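S.K.: let me see the structure of the following:
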Amino acid sequence: MRKKARVDANQPAVVAALRKAGATVQSLAAAGDGVPDLLVAFRSDLFLLEVKDGSKPPSARALTPDQVRWHAAWGAPVHVVNSVDEALQAIGAIHAV
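M.R.: Numbers count the residues shown, from 1 in each chain. The predicted structure is shown next:
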């Protein structure tokens with residue numbers, strides 16, 4: 001049996017911001033095995049987001065071996081985001097400056 005899914009500390013803020021921007025968000029964190037954290041629908045497009053805590057050092061934000069394998073095998077982009085702004089940029093809700 002899989003342990004309770006752990007989410008990064010900033011994930012609730014990322015989810016709230018995505019929803020405020022009009023996105024539909026489904027957490028996939030409980031799936032494990034390298035599956036990204038969030039499935040996001042925005043303006044008829046789907047996005048997979050892997051949320052990392054941008055306040056941690058880069059070594060603590062690295063993808064796990066399972067995540068690297070899953071992302072490579074999936075065949076579509078998985079956006080790794082470290083903040084609310086990066087998440088909103090990934091789905092096209094805001095533009096990078």
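S.K.: need the residues that contact the strand ranked longest in the chain.
M.R.: When every strand of the chain is counted residue by residue (DSSP state E), the longest turns out to be strand 45-51. Judged by CB atoms under 8 Å, 6 or more residues apart in numbering, the contacts made with strand 45-51 from elsewhere in the structure are 7-8, 10-11, 14, 36-41, 63, 67, 71, 74, 76-82, 87, 90-92. Yep, even glycine has a C-beta here, placed from its N, CA and C like the rest.
S.K.: what's the angle from the strand or helix carrying residue 87 to strand 45-51?
M.R.: When secondary structure is defined using DSSP states H and E, the element that contains residue 87 is helix 84-91. If you take axes from the mean of the first three to the mean of the last three CA atoms, to 10 degrees, helix 84-91 sits at 150 degrees to strand 45-51.
S.K.: helices or strands up against helix 84-91?
M.R.: Applying 3 or more CB pairs under 8 Å, 6 or more residues apart in numbering; DSSP states H and E, one finds that helix 84-91 contacts helix 11-20, strand 45-51, strand 79-81.
S.K.: ok so, going back, quick one: mean pLDDT for the longest strand of the chain?
M.R.: Taken as a whole, strand 45-51 carries a mean pLDDT of 97.
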